[in-house]
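Participant: Just to be clear, the model below is a prediction. Sequence and coordinates:
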Amino acid sequence: MALDKLNNENANFMWFQLLVQVLLQMPVTTRSKDDLLQQSFLVYDNNQSAQKDIHLFNRTYWPTDAINWYTQDKFLFRLFNQACRTDDIDLLFNFRFFIHDLHHKLKEVYCEQQLKRNQQQTIIVYR
């Protein structure tokens with residue numbers, strides 16, 4: 001029974017990884033952002049604070065801001081984490097442009113850090 005559960009969890013993990021790869025390959029369009037905004041307004045229909053944040057996101061979001069938006073404890077962070085925790089494919093699909101932007105920004109930051117690390121010759125060790 002435990003082995004079956006492990007195999008099932010492995011399969012779920014692999015399917016989730018495949019889903020993320022498919023979402024990353026999809027073209028980013030204005031429709032994808034509109035889908036997320038529409039879903040967000042539905043979820044936060046009775047929350048004025050979240051509605052203001054959604055409007056702000058709509059007016060000010062740029063792909064280079066993806067990490068910043070994700071790290072704020074606002075509608076985007078909450079809804080995205082809910083989609084990931086519950087494996088809600090429909091909701092994750094609405095995040096496709098954001099997943100794309102977040103992935104590319106994280107990759108960019110990682111490459112910058114690797115470059116800095118490779119350029120650093122001296123290693124300082126503290127005891």
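Facilitator: Great, that's in hand.
Participant: And for Phe97, nearest residue in space, chain neighbours not counted?
Facilitator: Ser32 (3.9 Å; CB to CB, 6 or more residues apart in numbering). C-beta: built from backbone N, CA, C; applies to glycine.
Participant: And for Leu91?
Facilitator: Here the nearest residue to Leu91 in space, its sequence neighbours aside, is Ala83; by CB to CB, 6+ apart that works out to 3.9 Å.
Participant: I'd say the residue nearest to Phe97 and Arg96 touch.
Facilitator: Yes - with contact defined as CB atoms under 8 Å, Ser32 counts as touching Arg96 (5.1 Å).
Participant: So for those two, which residue has more residues nearby?
Facilitator: Taking other CB atoms under 10 Å, Ser32 and Arg96 do not tie; Arg96 has more neighbours (23 against 20).
Participant: rewinding a little: okay, and the common contacts of Ser32 and Arg96?
Facilitator: With contacts defined as CB atoms under 8 Å, 6 or more residues apart in numbering, the residues shared by Ser32 and Arg96 are Met26.
Participant: Spatially central residue for the chain, please.
Facilitator: Nearest to the centroid of the C-alpha atoms of the chain, with distances taken as CA atoms, centre = their mean, sits Ile99, at 4.2 Å.
Participant: In contact with that one, which residues?
Facilitator: Contacts here follow CB under 8 Å, 6+ apart; on that basis Ile99 touches Val20, Leu23, Leu24, Leu92.
Participant: try 7 Å this time
Facilitator: Contact criterion CB atoms under 7 Å, 6 or more residues apart in numbering gives Val20, Leu23, Leu24 as the residues in contact with Ile99.
Participant: Just the buried ones from those?
Facilitator: Buried residues within these, counting neighbours by 16 or more other CB atoms under 10 Å: Leu23.
Participant: so which of the contacts of Ile99 would you say is closest to Gln51?
Facilitator: When the contacts of Ile99 are compared for distance to Gln51 (CB to CB), Leu23 comes out closest, at 25.9 Å.
Participant: And that closest one, how close does it get to Phe93?
Facilitator: Distance, Leu23 to Phe93, by CB to CB, to the nearest Å: 7 Å.
Participant: All good on my end, thank you.
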